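> here is my input; please provide its structure:
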Amino acid sequence: MTPSRIKAPRNGYAFVYLSNESDEHVYFDNLKVQLRHKHIIEENHYYAYGLKIAGISSKAFDAPKNPYQYQGDYSEFDDETGWNDFALRSYDPQTGRFINADPYDQFASPYVGMGNDPVNNTDPSGGWVFSAIPLIEHGAWAIGGAVAGMVISGASSGWDITAMKQGAGIGFGVGLGASFVNWGNVGGLLQGGSSVPWILYNGTKVIIYEGKEGSTKKSKVITESNGTSGSTNHQFADEQFDRNPIYPGPVPEGNYKIDLTLDPNRKVVFDPESGAANRDRGIQQIPHFTQRNDGNKQNNWDVWGTVRARLEKDPGNNDPRMRGENDGYYLHDSDKGNTHGCIECSKKKIFDQLLKYRAEGIKSIRVKVKYPKPKTFTNGGPHGK
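Below you'll find the model as predicted:
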């Protein structure tokens, strides 16, 4: 007798019954009950700072991709760079250091991973480090306060049970409150876990999200605009590093940032001789005409739109092809359908939102350029104003 395979839908107990329902005696001398576990799809082991121990880690051939590995749901593993992408910055497990500076300056070095103590600390966002040790300390203070309150109340009330319970409750609260001698740690922890705004350009859309940076599944869309990058007939993702001075491709993939601290009413400065625009940071207004040295007015490429924002290369962009001339990209509110590597998008939908973030005190916003496929067409069509 070999019954068909039975799958257990969840953890619990399995009861096996064997009975003889005939009128004859039956002897069972070779009864076996076997439990067979499913094959392990993926098993990972790590060094303390997150580098995978390849020799004792394994993964099934047809296993689906699992981006959530070291520190679990807090970060996504990037196959191309080998880094862990947290909400606020990227982390290199081989060196135990973040690629970008700590936005909260929690430690002497702004690049240390988990405060140089990955055993006791976690960093949920790449911002503020969360440690189990303070929680233990707070608990000890609270328990100590409860014991002290119970003893004091008992001694003063002739060891009345009700008074001792009340004293323990009051002492617990006092002890817990006294343990928080540095409120900056608590404020920083809450701030580090908060939602952050970030921008994604995928070849056809410029999208502003709020949530976990780099994760569209864990962020909500705030606003979006059609987006276009690259010169005419050179608007495909696989031409992103083609920097032909006349017909360049679209903006290269990678991480950028926009500085929101500078005055957004500053005007772009054009060279009076060559007509070339300066490469200044932040948001700037684009004047249509400037005065030339000979006294004549010069048209300043009014097809560029009325406003621009510099895409500063993030320190995480260490691709050698991202050097030199590959660092002068902007968001423009132009709508001509082609660019010299910059990105066209809507002023009302994108730039107005950037100004709102600036008014809220946000100092910068990260921009991620990621094309779904090598042949992604990088012209999203007209975006309006």
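> roughly how far does Ser156 sit from Ile207?
For Ser156, the distance to Ile207 (CB to CB, to the nearest Å) stands at 64 Å. Quick note: C-beta positions are derived from backbone N, CA and C, even for glycine.
> compare the two (neighbour count), which wins?
More crowded of Ser156 and Ile207, by other CB atoms under 10 Å: Ile207, with 21 against 11.
> look at that one and tell me its secondary structure.
Three-state assignment for Ile207 (DSSP: H, G, I helix; E, B strand; the rest coil): strand.
> low pLDDT regions in the protein?
Applying pLDDT under 70 to the chain flags residues 1-9, 131-135, 178-194, 243, 271-276, 289-302, 315-327, 384-385.
> buried residues in the lengthiest helix in it, which are they?
Ranked by residue count and defined by DSSP state H, the top helix of the chain is helix 132-156. By neighbour count with 16 or more other CB atoms under 10 Å, helix 132-156 contains the buried residues 134, 138, 141-142, 144-146, 148-150, 152-154.
> correct me if wrong: His332 contacts Arg310.
No - with contact defined as CB atoms under 8 Å, His332 does not count as touching Arg310 (10.9 Å).
> check contacts around Phe77.
67-70, 83-85 (CB atoms under 8 Å, 6 or more residues apart in numbering).
> could you do Gly230 as well?
Applying CB under 8 Å, 6+ apart, we find Gly230 in contact with 236, 239, 248-251, 338-339, 341, 378-379.
> check Tyr247 too.
Each residue near Tyr247 by CB under 8 Å, 6+ apart is listed here: 231-234.
> specify which member of those residues is nearest to Tyr91.
When the contacts of Tyr247 are compared for distance to Tyr91 (CB to CB), His234 wins out at 34.5 Å.
> look at that closest one and say how many residues are nearby.
19.
> in a helix, it, correct?
No - using three-state DSSP, the secondary structure at His234 is coil, not a helix.
> tell me if I'm right that it and Ile246 touch.
No - if you go by CB under 8 Å, His234 and Ile246 don't touch, sitting 9.9 Å apart.
> hey, what's the nearest residue to Glu344 once chain neighbours are set aside bridged with?
Distances taken as CB to CB, 6 or more residues apart in numbering put Thr228 closest to Glu344, at 4.5 Å, once the chain neighbours are dropped. Under the criterion DSSP bridges, Thr228 forms beta bridges with Glu344, Asn379.
> residues touching Thr228, list them.
The neighbours of Thr228, taking CB under 8 Å, 6+ apart as the test, are 235, 337-339, 343-344, 378-381, 383.
> I figured Val147 hits Gly171, correct?
Yes - the criterion here is CB under 8 Å, and Val147 meets it with Gly171 at 7.1 Å.
> following element in sequence after the helix or strand hosting Tyr357, please.
Element membership for Tyr357, per DSSP states H and E: helix 352-359. Sequence order places strand 364-369 as the next helix or strand after helix 352-359, per DSSP H and E.
> that following strand to helix 352-359, inter-axis angle?
Using axes from the mean of the first three to the mean of the last three CA atoms, to 10 degrees, the direction of strand 364-369 lies 150 degrees away from that of helix 352-359.
> on that earlier part again, now, of the contacts of Thr228, which are buried?
Here, 16+ other CB under 10 Å leaves 235, 338-339, 343-344, 378-380, 383 buried among those.
> can I get those in TSV including distance to Gly12?
Shown next, in TSV, are the buried ones among the contacts of Thr228 (distance: CB to CB, whole Å):
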residue	distance to Gly12
Gln235	57
Asn338	63
Thr339	60
Ile343	55
Glu344	58
Thr378	53
Asn379	56
Gly380	52
His383	56
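> and the two most separated of these?
By the measure CB to CB, Gln235 and His383 form the most distant pair in those, at 14.8 Å.
> now whichever strand or helix holds Arg310 - C-alpha only, CSV.
When secondary structure is defined by DSSP H and E, Arg310 falls within strand 307-313. Listed next in CSV are the C-alpha coordinates belonging to strand 307-313 (Å, rounded to 0.1, in the frame of the first residue of the first chain):
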residue,chain,number,x,y,z
VAL,A,307,14.0,76.3,-15.9
ARG,A,308,16.6,73.6,-15.3
ALA,A,309,18.0,71.5,-12.4
ARG,A,310,21.6,70.1,-12.4
LEU,A,311,21.9,66.3,-12.1
GLU,A,312,25.1,66.0,-10.0
LYS,A,313,26.9,62.7,-10.3
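> what is it packed up against?
Applying 3 or more CB pairs under 8 Å, 6 or more residues apart in numbering; DSSP states H and E, one finds that strand 307-313 contacts strand 254-259, strand 283-285, strand 329-332.
> need the winner for burial among those.
When the helices and strands packed on strand 307-313 are scored by mean count of other CB atoms under 10 Å, the highest mean neighbour count falls to strand 329-332 (a mean of 26).
> that older thread, which of the contacts of Tyr247 lies closest to Arg36?
His234 (57.0 Å).
> so who does the closest one touch?
Taking CB under 8 Å, 6+ apart, one finds 242, 244, 247-250 in contact with His234.
> picking up where we left off before, inside helices: which ones of the contacts of Gly230?
Among the contacts of Gly230, no member is found in helices (DSSP H).
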